[in-house]
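S.K.: quick one, what's the 3D model for this:
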Amino acid sequence: MTAPAPTGLFGALREQLTAAASAFADSPDALAGILAGMVDDVDRALGERLEIFPVCHHSPASALAMVRRLRARPPRVIYLELCEDLRPLLDELRNCRLPVAVQAFATELDGFPAEWSPLSVIAPITETSAEYQAIAYALDTPGVELVLVDRSTDHVYQWTPRDGRPAGPDPAASADEEEVALHGDAVGVEIGDLRPRFAELESHLLHHGKVRHWSEWWDQYVERPLADADHDTYRQVMVLIGSLFRRLRPSRSTRDDRDEDRERHMWTRMRQHLAATGADPADCLYVCGAFHAASRVEQFGLDSTAPDFPISPRTGTRWRYGLIPSSHSAIEAQFGLAPGSVSIAAATWTTAIGRTRLAPFRLAGQHTGKKGRRARASGPSTAPAAGTDRLTGFLAAPPALDELDEAELRGWCVDIVRLARRNGYLASTADAIAVFETSILLASLRNRARPTPYDFADAAVTCIEKDVVPGRRDVRRLCEILLGGDRIGQVGYDSLPPLARDVLDRLRPLGLDLERRTVQRALLDLRADPELAPCSDLLWMLRHLLPADAVRPIMGERRLGHRSIQESWDLALGRSQRALIELGYEGVTVEQVLEQRLRRAVRGPDATAARALAAVEDAVRLLDSPRLVDELGARAVELLTAERTVDDAPEVLRRIRRLLAHHRTAAPVLPAWCQAFVTTGYAHYCTLLPTAFVDEATGVRQVGAMLGFLFHLESLALSLGCDRSQLELAVAQAHPEAPAKLGLLWAARHQLGLLPLAHLRERCAELLANPLAVPAVPHYLSGFVHALDPVPGLAPFVVETMSAAFAGLPDPVLLPWLPTLVTTLREHGPELVPLLIREAERTFPGTLAALDGWTPPWAAAPTPPPAGQAPTGAAGGLLAVHPDAVDAVAVLLGCDAPWRSFTGPGASALDGGSPLLAAHPETADAVAALLAPPGRFDLSAG
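M.R.: Predicted coordinates for the structure are as follows:
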């Protein structure tokens, strides 16, 4: 059966591709369908009444073709593939230095999963992109309308699967972390994405193209051939490439569905705009990615009879819009491009502009650092007439090989050697020659007559880097710097949000240019220049809100009740411009944002009493707002009451101590929330104490912190109405089995007067005498060490117990015991061990000679009073009449010796009395007058 004659503009090409498929493919029907479909896509795109301009993002060839198209036939309406709600931001580009990114940001979500917060969508823009050329032309040309037709940023997340958070950037790019992080974890909107999604195709192209990565293949086989192509050739080739990648991508994938919905959305918006404005499609231009130019959706084309795509309403999420700085490395990292590819594209763009003498479009007043080129008058268009098949000739013609430019390559080689020597490499003229020859050799192996920047970078790495990298940057990074560097954009002052402008204005008294990207040192002498105090307050707030490297204090601190009189700061607000801009999305002033964050910290689902106290402390340090402090403190009381664990007890104790000390010195009366926190905490920890003692999940450090809260704040709690019997009952109900907690319980009972020191000493002696209990002694000591905070008077006893263990245990028992003791103390009480060391320093002699004759205080026999001698003097009379207090003290101290032995009823009150009382009898007389009627004690006898 004879095949039908080819029809249409590309009938001959379709026939050739079908014949090639039959001749070379194992399954000619499938391959023929793909090849014929590609030609049909090109024919369909070029036959559309609305001119479609396919592009690839950050492509110099696309930008050059866009400039030629706009100069030859200026359109009146430009439809651009970009989120439709970003249109107002494009007018602010003239205040920026490219590259920058248009951003939509949201923290208060409505209709999206809470774990997605914050949401961020960015669209980076560089001067080497066709989209920027179209934007600059439309904004600076009167009567030209720019319409964004892609889905809104809200729909970007509406169409995202809910099974997980959208993926962020690829952190594997070989660039400085600071520059890679310029986009953060934003979802990137890339215009004209042409990277194939079919991994086998990409691997095949890289292998047979003899290149290392996709960016290099694109530069060699697409960028350079299309740099000087006419308009029709460019359009036909780009649509063909987009169709190829579209047809080879796995069908019915989630991404494929989203891309088709985007195409339906864009065609619906364009048809709605044309119907509303009555614009002539002949005066319109549709700029989109080559992938979307080969669309096959039913809404494609102005003559489509398909109904409009139903566009869902936006959610209640409140979006903030702004511009953030971008960089070449940030774009490469976010969109998976090869390191240095965007910088090489920028260098290729500059070279092509100089070679072709085209005048690119640039927004008036934009900061570029270069003198603007005056647009030359456009002559008669040399583009072929519409409807000409340029694709067949382009595919059939052999690739044009550029001639070797020895001067350019020689300059690269000399410069890279000079740059390498500055970075610590032992490079010489011989290395420059080797790089020159190796670049030519690599280009020849890759079927290129003229070495590309990729060939040169590979040659430089081979010849200079050798085995090690002595410098901070490797040679490939040096090549990127040489060929144009990682250009970093900046948002101008007029395009910053109000908060960022307010920060720069309020820091102006420092006399620094804070928009620069360098680190600047600010010196503040607040005593000599009190007008700098507001700058200091603002810097401490920025320190709390911005990344650590944006505002870093070198000298000075801001504690509760303390402000330094001199401060020194390292400021890098220019580098952290993105963080400052996103801070502006949350409020109008820094104080407002800080107040909102503190409130969110105590109202969030993960809020705890410790975090609430931290928020209170930050509010006191950074904000002069008693109302906010009271609100946060009341919330801390609520959170403490609702807690059922004591995991944060150490932090709660540390922070409430600090806050109480501050308020006691700053105000005559404690705030109501402090009083409520102490009383609530006393009852709360008394209730949880028995359970915490026996709970295996609760550590000894947490139990020690609970006891520290109860004992240290006991006097304040009792003065506020708490009952001490509650604590005694809690300790009595505690029955731990773990040795560390048992030691802590003994210390608590000793502090309450329920366990005399003599009995505690006897228990420890029994432990050391029992061979089965000796391995657990380090854990008992761990409990005693944790008890040093709530019971500081126990330090001499702990030193005594450890000394007795070292002195009495035999070496076979002591040596295996020591590692357990050291690791236990290091793990459970590193912050309390210094207290023990200081006590040992006070106890033991300071010299070796004194150690030989030294007797431990606990080993020295007590000196009994002389037989038959009673306490004499006025003090003796008082003690004889009121013995109960002395008896109680004696029990606590473990003294069993009798003290009330009188020689007889006629003993004199001051016979042999204390020399101190004898020298100063007035004190004893005054005490006696208070405790007894006059004349009860006869002090004149002495």
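
S.K.: please name the nearest non-neighbouring residue to residue 716.
M.R.: In this structure, residue 716 finds its nearest non-sequential neighbour in residue 678, 5.5 Å apart by CB to CB, 6 or more residues apart in numbering. C-beta: built from backbone N, CA, C; applies to glycine.

S.K.: got the contact list for the one you found?
M.R.: Taking CB atoms under 8 Å, 6 or more residues apart in numbering as the criterion, residue 678 is in contact with 656, 660, 713, 716, 717, 720.

S.K.: narrow the residues you listed to just the buried residues.
M.R.: 656, 660, 713, 716, 717 (16 or more other CB atoms under 10 Å).

S.K.: so which strand or helix has the first one?
M.R.: It stands for residue 656. helix 649-666 (DSSP states H and E).

S.K.: now that helix: mean pLDDT?
M.R.: Here helix 649-666 scores 91 as its mean pLDDT.

S.K.: after it, which helix or strand is next?
M.R.: helix 672-694.

S.K.: quick check: the gap between residue 443 and residue 750.
M.R.: Distance, residue 443 to residue 750, by CB to CB, to the nearest Å: 85 Å.

S.K.: for the stretch 351-500 of the chain, which segments count as helices?
M.R.: With DSSP state H, counting those that start in this stretch applied, the stretch 351-500 of the chain shows helices at 391-396, 406-422, 429-445, 453-460, 475-482, 498-506, listed in chain order.

S.K.: to residue 206, which of those lies closest?
M.R.: Of all the helices of the stretch 351-500 of the chain, helix 453-460 sits nearest to residue 206, with 12.3 Å by CB to CB.

S.K.: report the angle between the closest one and helix 406-422.
M.R.: Following axes from the mean of the first three to the mean of the last three CA atoms, to 10 degrees, one obtains 50 degrees for the angle between helix 453-460 and helix 406-422.

S.K.: what residues does helix 453-460 touch?
M.R.: In this structure, residues lying in contact with helix 453-460 by CB under 8 Å, 6+ apart are 211-212, 216, 219, 340, 344, 347, 409, 412-413, 416, 420, 434-435, 438-439, 441-443, 446, 448, 451, 475-476, 478-480, 483.

S.K.: narrow the residues you listed to just the buried residues.
M.R.: 211, 216, 219, 340, 344, 347, 409, 412-413, 416, 420, 434-435, 438-439, 442-443, 446, 448, 451, 475, 478-480, 483.

S.K.: neighbours of the residue lying closest to residue 441 once chain neighbours are set aside, how many?
M.R.: Across the structure, with CB to CB, 6+ apart as the measure, the residue nearest residue 441 apart from its sequence neighbours is residue 459 (7.9 Å). Here the count is done by other CB atoms under 10 Å, and residue 459 has 27 residues near it.

S.K.: and the one 4 residues further on, by the same measure?
M.R.: If you count neighbours by other CB under 10 Å, residue 463 ends up with 24.

S.K.: for residue 480, see how far away it is.
M.R.: 17 Å.

S.K.: over to residue 778?
M.R.: Distance of residue 778 to residue 480, given as CB to CB: 58 Å.

S.K.: for residue 311, which non-adjacent residue is spatially closest?
M.R.: Leaving aside its sequence neighbours, residue 311 sits nearest to residue 265 (CB to CB, 6+ apart; 6.3 Å).

S.K.: so the one you found is in contact with residue 149, correct?
M.R.: Yes - in this structure, residue 265 is within contact of residue 149 by CB atoms under 8 Å, at 7.4 Å.
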